[in-house]
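> Structure for the following, please:
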Amino acid sequence: MNAAEFQSTARHLLFIDIETVSGESSLELVSERLQKEWLRKADRLRSTEGPSDAELYFDRAAVYAEFGKIIVIGLGFFHWEADEATFRVRTIHGHDEASVLRQFCTLVEKRYARKLILCAHNGREFDYPYLCRRMMIHGIPIPRSLWNTHWRRYDSPHLDTMDYWKFGDFKNYTSLELLAALFDIPSSKDTLSGSEVNTTYYHKNNLISIAQYCREDVVVLAQLYLRYHQMELLQEKQIIRLE
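Alright, predicted model coming up:
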């Protein structure tokens, strides 16, 4: 991909990452009806002598849109002034998931009214369906640019850097951090890792730290996209971190 082709495509690209936590800080706070459903799921998740239902909820519920919630959406996009490219990255974050989702929808509908191409790591399996499911739960209309009429995985116009890496095979999950290491891209895991998000949110009450971690993951995601297309990595001076 040459510079002109990249610029033409990148104007429609929005790089995203979401951070999710369990819907409540503990299983006992979950409604009785949903608790029963979690117990059914926990039976399938737990090994013979594994953790308790409550421990599983705190450790695993964030992965499932039925039992988790979105607290941060990281967003990054390329911007040109004359021939100078910058990558601008920010987050939408908050304790009120519905508000976070509405802000995201407003941004998408305003900035990408004509054409939107999302790019996420494992986005087709996680980020995109999770966003749409949580919007539906809150009664928020799913933006037209996110809606996939048939909901078939490969009908989606949106990009997935993990699917790129598969090259059509059935490889299992490959982490963003592993690919960053392979392509010599600076890590986003210096201060936090995905396994620590629930604890950081509920026990340390540190949403800002999670938002910053998510923001840096979006930077890594964009760098990986550039590497895939044999393009130079962004220099630090080209990365504009917006609050």
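> In this protein, mark out all the strands, start to finish.
Per DSSP state E, the chain carries strands over the ranges 13-22, 68-81, 84-93, 117-120, 159-160, 239-241.
> a markdown table for the ones you listed, including mean neighbour count?
In this view, the C-beta of every residue, glycine as well, is placed from N, C-alpha and C. Converted to a markdown table, those look like this (neighbours: other C-beta atoms under 10 Å):
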| stretch | mean neighbour count |
| --- | --- |
| strand 13-22 | 25 |
| strand 68-81 | 21 |
| strand 84-93 | 18 |
| strand 117-120 | 22 |
| strand 159-160 | 20 |
| strand 239-241 | 14 |
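> Any chance of TSV for those, columns distance to S193 and mean pLDDT?
Listed next are these as TSV, based on distance: least, C-beta to C-beta, whole Å; pLDDT from 0 to 100:
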stretch	distance to S193	mean pLDDT
strand 13-22	12	97
strand 68-81	15	94
strand 84-93	17	94
strand 117-120	18	93
strand 159-160	21	92
strand 239-241	20	94
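> I'd like those strands laid out as CSV, including distance to R102.
Listed next are those as CSV, based on distance: least, C-beta to C-beta, whole Å:
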stretch, distance to R102
strand 13-22, 15
strand 68-81, 11
strand 84-93, 9
strand 117-120, 18
strand 159-160, 24
strand 239-241, 23
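> Mind listing what's buried along the worst-scoring helix or strand of the chain on mean pLDDT?
The helix or strand of the chain with the lowest confidence, counting by mean pLDDT, DSSP states H and E, is helix 3-10 at a mean of 78. Going by neighbour count (16 or more other C-beta atoms under 10 Å), the buried part of helix 3-10 is F6, A10.
> Kind regards, and thank you for your time.
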